[in-house]
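Asks: the following block contains a protein sequence and its predicted model.
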Amino acid sequence: MFVRFLPKSNDFSAVIYNFDKVHDGDAILLETGNFGALESLRYQKPEDYINYFYWLSSLNHRIQNAQLHAVISSKGKSTTPEALKLTAKHWLQEMDYSAQPYLIFFHGDTNNNHVHIVSCRVRKNGTVISNSFDRYRSVESIARITGNSIEENIARDRREVLSYHFQSREAFELLMQRKRYRLTKDATGFNVYKYRRLVTKIDFSEVDAFIVRNLPRPIQQGRVKNIIFAALKDYDRTAKPVYRTLSGERKGSLIGYRSDLSDYLQAEFGLETIYQSDERGLVKDYYIIDPSHKQILEGSMLVPAEIFLGTSARSAGIQIPDYPDRAANSQKVQKLFSHFNLSISDDVDDASLYHKNKNRNI
């Protein structure tokens, strides 16, 4: 499980956001707590919760961004809403929100089951719950709840990354970033950061030695290349920016790029496309991550970037090369049989045998 804090706010718009999801059938209000007299009402409207939060935040006029809006997510669909709710309540206790009013919503409209937690940072005595080092504290809390230490998580992520086949330091860096680490370089290696602190150091010599031992396998590389070539003519390849969605359907920061082609590769074959852009935001290159075969492949190993990143071949009239392995195999077959004078005609015996068997089965 992991925790993500959604953008700060002082208007408690997270309440409306989650109740809109409930109205649309994409979420369920699992539990509310610590709302005092409000809980005695037979029916509570979203505005009732917002007004309560506003009253509470008014007890401290110096605070900004009094809303707490966090997401606890599990991998896949196996974790039940009830289990996520219990985890959320334990997390609130760990983060010093046990006496605060809260709402817990279950969302099942993505690939990963998750809950949204909405609360207020101002206590009834007017003091404020500190949000210093919230990300690090929340990860420690989840680690305690699930029985895993941060060090164990880091070691597991490192083993997972080094189980892949790749051919460059840049590919290794991408795999680490995919695990939500931030990497910087010095003269000898990578400094690896998470939770706003340095968590480990990995020498270039270790990465380079691993690359030599674990280069991508040609057979699997050829498989991915063939899949891409087969799809190029049928799907739009234009890379489009993807932005983080904030509460109230507002557009947040840029988090990546996608295309119809990358969506198809992900949905049908589990191949993840990582687009590389320059400082102006122009996409110039790409990588393909193939989790099922534990490899990350650079675009130069597969299809030239100018072809992979182009517009739809059908709309632009771009000539796509033939399926590479099929064309190569065809040339080998032609060369092999070039000295033979071969002709193919119907085999009367085989044809009569087919009809005889067919009639027998009627």
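Replies: Arrived safely, thanks for sending. Residues are numbered from 1 along each chain as shown.
Asks: can you pull out the helices in the stretch 151-300 of the chain?
Replies: Using DSSP state H, counting those that start in this stretch, the helices assigned to the stretch 151-300 of the chain run over residues 169-178, 204-213, 218-231, 260-269.
Asks: can you give me the angle the second one makes with helix 169-178?
Replies: Going back to what we said before, that points to helix 204-213. 100 degrees (axes from the mean of the first three to the mean of the last three CA atoms, to 10 degrees).
Asks: if we can go back for a sec, highest mean neighbour count out of the helices of the stretch 151-300 of the chain?
Replies: helix 169-178 (a mean of 18; mean count of other CB atoms under 10 Å). To be clear about C-beta, it is placed using only N, CA and C from the backbone, and glycine gets the same treatment.
Asks: and it, average pLDDT?
Replies: Averaged across helix 169-178, pLDDT comes to 94.
Asks: name the helices or strands packed onto it?
Replies: Packing partners of helix 169-178 (3 or more CB pairs under 8 Å, 6 or more residues apart in numbering; DSSP states H and E): helix 150-161, strand 182-185, strand 189-194, helix 204-213, strand 283-290, strand 295-298.
Asks: relative to residue 73, which of those is closest?
Replies: helix 150-161 (14.8 Å; CB to CB).
Asks: who touches the closest one?
Replies: With contact meaning CB atoms under 8 Å, 6 or more residues apart in numbering, helix 150-161 is reached by 139-140, 143, 172, 175-176, 179, 181, 194-195, 199-200, 202.
Asks: what sits against the spatially closest residue to residue 195 that is not a sequence neighbour?
Replies: Spatially, and ignoring its direct neighbours in sequence, residue 195 is nearest to residue 136 (3.9 Å; CB to CB, 6 or more residues apart in numbering). Applying CB under 8 Å, 6+ apart to residue 136 gives the contacts 195-197.
Asks: let's go with 10 Å and repeat that
Replies: 150, 194-197 (CB atoms under 10 Å, 6 or more residues apart in numbering).
Asks: kindly report the same for residue 210.
Replies: Contacts of residue 210 (CB under 10 Å, 6+ apart): 161-162, 164-166, 172, 202.
Asks: mind picking the two most distant members of these?
Replies: 165 and 202 (17.4 Å).
Asks: before we move on, back to that, the contacts of residue 136 into TSV, with extra columns for distance to residue 6?
Replies: TSV is the format used below for those (distance: CB to CB, whole Å):
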residue	distance to residue 6
150	22
194	19
195	17
196	18
197	22
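Asks: out of those residues, which end up buried?
Replies: The neighbour count (16 or more other CB atoms under 10 Å) marks 150, 194-195 as buried among the contacts of residue 136.
Asks: of all those residues, which comes closest to residue 10?
Replies: Out of those, the member with the shortest distance to residue 10 (by CB to CB) is residue 195, at 25.4 Å.
Asks: now do the strands in this structure.
Replies: 2-5, 27-33, 67-73, 102-107, 114-120, 182-185, 189-194, 197-203, 240-246, 250-258, 272-277, 283-290, 295-298 (DSSP state E).
Asks: between these, which gets nearest to residue 54?
Replies: Closest among those, using CB to CB: strand 114-120, at 9.0 Å.
Asks: partners of the closest one in the sheet?
Replies: Here strand 114-120 is paired, per DSSP bridges, with strand 67-73 (antiparallel), strand 102-107 (antiparallel).
Asks: contacting residues for the residue nearest to residue 262 when sequence neighbours are not counted?
Replies: Spatial nearest neighbour of residue 262, excluding adjacent residues (CB to CB, 6+ apart): residue 273 at 3.7 Å. Contacts for residue 273 (CB under 10 Å, 6+ apart) come out as 228, 239, 256-259, 261-266, 286-289, 299, 308.
Asks: low-confidence ranges, the chain, go.
Replies: Scanning the chain for pLDDT under 70 picks out 246-249, 311-362.
Asks: grab the nearest non-local neighbour of the residue nearest to the spatial centre of it.
Replies: Centroid-nearest residue in the chain: residue 178, 8.1 Å away (criterion: CA atoms, centre = their mean). Setting aside the residues directly before and after it, residue 178 is nearest to residue 289 in space (CB to CB, 6+ apart), at 7.2 Å.
Asks: residues in contact with that neighbour?
Replies: By CB under 10 Å, 6+ apart, the contact list for residue 289 reads 164, 166, 171, 174-175, 178, 266, 270-274, 295-297.
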